[in-house]
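1. here is a sequence with its predicted model. Questions after.
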Amino acid sequence: MEDKWQEAYEFAVEVARKAGAEIRKAGDSEIKVNTKSSSVDLVTQTDQRVEKIIFSALKGKFGEGCHRFIGEESTVDSCVLTDKPTWIIDPVDGTTNFVHGFPFVAVSIAFAVNKELEFGVVYSCMEDKMYKARRGQGAFCDDEPIYVSDVKEIKKSIIISEHGTDRSPEKVKKIFSTMQKILCIPVHGLRGSGTAATNMCLVACGAVEAFFEIGIHCWDIAAGAVIVREAGGIILDVNGGPFDLMSRRMVSANNEIIANRIIKEIEIFPSPRDDGKPQLE
Ligand SMILES: O=P(O)(O)OC(CO)CO
Ligand SMILES: [Mg+2]
C-alpha cells in the first residue's frame, strides 16, 4: 500500500523534465505577454501550452475520472482540495523571470491524497536541476539527498521574500516594512529568485534559512512544501499556526527557531484564499 504512488511519483519527474525542455525551447514568438490579476501578473502562451502538455500526460496515464487536477492556468475560480487523489500544478513558476530571461523558472508538480501531500517535484529548468521528495522518503536534488541548513541564529541567516503581484500601496508598504525589520535584525541578507517553488528548494538544500510570502497560490508551493519537509525543514502559517495549503501564505524554514523569529516580524495583510473559504487572522 505504501508504494501505491511510486509510479505516479516517477511519472511526475518524467513529465516535469519534458515540460522544462518545452519551456527552454520556447521561442521569442511564443512570449506574448498577457496579464491576469494585475498588470504585473503575467501569463504567456508557454504557460498555457505547457500546462496542457502536463495535464494530457497525467490524464492519459491516470485517467480523468479517478484523479482531480488543479492547475494555475486552468483553475478559473476557487480550487477546493478534496480527499481524491489530486495533482496540483504550476507549469511555469516564475513567469516574469521567463518573460525577461532572468534564469530561474520552475515546473512544479505536486500530488495530494486525502488532503495530504504525497510527493512534490520541482524542476528548475534553466539550471537543469531536478528537486523531488516523497513523503517519508527524503528530499533530493538530481538524486543526491538534500538537507536544510543547521543555522539556529537568525543573525547568521539569509532569508528569502518576494514582492508578489499586488501593487496596492498599503500591501507594498507592509511587505517592505516586514523586509526592513527582518533585514535590520540584522540578518546576513535578503534574497529572492522570483519563483516560489525554487525559493522553497533553496530552503530545502540549505542555501538559505527561510522563505516566506503572502499572496502565493497553492500551485506555487505545494511541491516545494513536501521538498522542504523531507529535507528536514518546517512550514508554518504566517501567524505561527499550522500550514494550510489553500491559505495563500506560508513560512518555510530550516527550523522552528528561525521560522518563529521571522513570524514575529511579519505584517500580515489580507489575501483571499484559493478555496474561497474565509481567511484566518
Ligand atoms: O510565475 P507565477 O507562476 O505567476 O508565480 C509567482 C508567484 O505569483 C512566482 O512564484
Ligand atoms: Mg507560480
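-> Thanks, I have it. This is a predicted model, so every value here is computed, not measured. Ligands and ions are numbered 1, 2, ... in the order given.

2. from residue 22, how far out is residue 49?
-> Taken as C-beta to C-beta, to the nearest Å, the spacing of residue 49 relative to residue 22 amounts to 7 Å. The way it works is simple: take the backbone N, C-alpha and C, and place the C-beta from them, glycine included.

3. tell me how many other residues crowd the spatially closest residue to residue 270 that is not a sequence neighbour.
-> The spatially closest residue to residue 270, leaving aside those adjacent along the chain, is residue 279, at 6.3 Å (C-beta to C-beta, 6 or more residues apart in numbering). The tally of other residues near residue 279 (other C-beta atoms under 10 Å) stands at 14.

4. look up phi and psi at residue 279.
-> In this entry, residue 279 is assigned phi and psi values of phi -80, psi 140 (degrees, to the nearest 10).

5. what residues are up against it?
-> Contacts for residue 279 were tallied using C-beta atoms under 8 Å, 6 or more residues apart in numbering; they are 247, 270-273.

6. of these - the most surrounded one?
-> Looking at those with neighbours defined as other C-beta under 10 Å, the largest count falls to residue 247 at 23 neighbours.

7. for ligand 1, see how far away it is.
-> Using C-beta to the nearest ligand atom, to the nearest Å, one gets 15 Å for the distance from residue 247 to ligand 1.

8. check residue 266 too.
-> Counting by C-beta to the nearest ligand atom, the gap between residue 266 and ligand 1 amounts to 17 Å.

9. I figured that residue hits residue 238, correct?
-> Yes - in this structure, residue 266 is within contact of residue 238 by C-beta atoms under 8 Å, at 5.0 Å.

10. list residues touching both of the two?
-> Shared contacts of residue 266 and residue 238, defined by C-beta under 8 Å, 6+ apart, comprise 212, 214, 251.

11. which of those are close to ligand 2?
-> Cross-checking the shared contacts of residue 266 and residue 238 against ligand 2 (C-beta under 5 Å from the ion) gives no overlapping residues.

12. domain-wise, how is the protein divided?
-> Structurally, the chain divides into domains by automatic domain parsing as follows: 6-145, 154-263.

13. which of these sits most buried?
-> Each of those was assessed for mean neighbour count using mean count of other C-beta atoms under 10 Å. The highest is domain 154-263, with a mean of 21.

14. measure that one end to end?
-> The straight-line separation of the ends of domain 154-263 (C-alpha to C-alpha, to the nearest Å) is 12 Å.

15. sorry, back to before: identify, from the contacts of residue 279, the entry nearest to residue 84.
-> Minimum distance to residue 84 across the contacts of residue 279 is 19.5 Å, recorded for residue 273 (C-beta to C-beta).

16. residue contacts, the closest one?
-> Contact partners of residue 273, counting by C-beta under 8 Å, 6+ apart, are 78, 246-248, 279.

17. any idea how far it is from residue 65?
-> According to C-beta to C-beta, residue 273 and residue 65 sit 27 Å apart.
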